[in-house]
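Chemist: how would this look folded up:
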Amino acid sequence: MLTFNEIAALLDDIVDVLPPELTKGLTGGIYLVPEPKPHPALPFPKYMVMGEYINQHQLGSHVFVYYGSVIAAHPDADVAEMRVVLKDIVHHELRHHVEGKAGSKALEIEDANFVQAALSAGNK
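Modeler: Have a look, this model is predicted:
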């Protein structure tokens, strides 16, 4: 299992090579949070929030990646596998950021559809 510091280093490497256009206006940056985050609508621990884009008027916009959730979902991932997982999470959250600036809700709709499908499949 990769440690918090190992995941943080991988996340830093991913963030360091992001095109500036993707992070423009991301005033609060991208942070690794130690705890897992339960999904608000789906059963924990089967479903957890891996990452979260937050856009608050006074605090700005930022991305959280939840180490506890990521490591619980991928406890045996090696460095290469974890890099892919983290990249996917960061790109997903940055898509929320970019779409939000453009006034699009496409990814929000995709996420809501995922939750609805999980609930319909009996994962209440």
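Chemist: mind jotting down where the helices sit in this protein?
Modeler: Per DSSP state H, the chain carries helices over the ranges 4-16, 20-23, 67-73, 79-102, 106-120.
Chemist: which of those has the lowest average pLDDT?
Modeler: With a mean of 91, helix 20-23 has the lowest mean pLDDT of those.
Chemist: OK, contacts around the residue most central in space within the chain?
Modeler: Closest to where the C-alpha atoms of the chain average out (C-alpha atoms, centre = their mean) is G51, at 2.0 Å. For G51, the contact set (C-beta atoms under 8 Å, 6 or more residues apart in numbering) comprises 63-66, 89-90, 92-93. For glycine as for every other residue, the C-beta is placed from the backbone atoms N, C-alpha and C.
Chemist: next: K105.
Modeler: E99.
Chemist: distance of it relative to P34?
Modeler: According to C-beta to C-beta, to the nearest Å, K105 and P34 sit 30 Å apart.
Chemist: burial check on the nearest residue to the residue nearest to the centre of the chain once chain neighbours are set aside, number of neighbours?
Modeler: Of all residues not flanking G51 in the chain, I89 sits nearest, at 4.0 Å (C-beta to C-beta, 6 or more residues apart in numbering). Per other C-beta atoms under 10 Å, the neighbour tally for I89 reads 23.
Chemist: ok, now the one 4 residues further on?
Modeler: E93 has 21 neighbours, counted by other C-beta under 10 Å.
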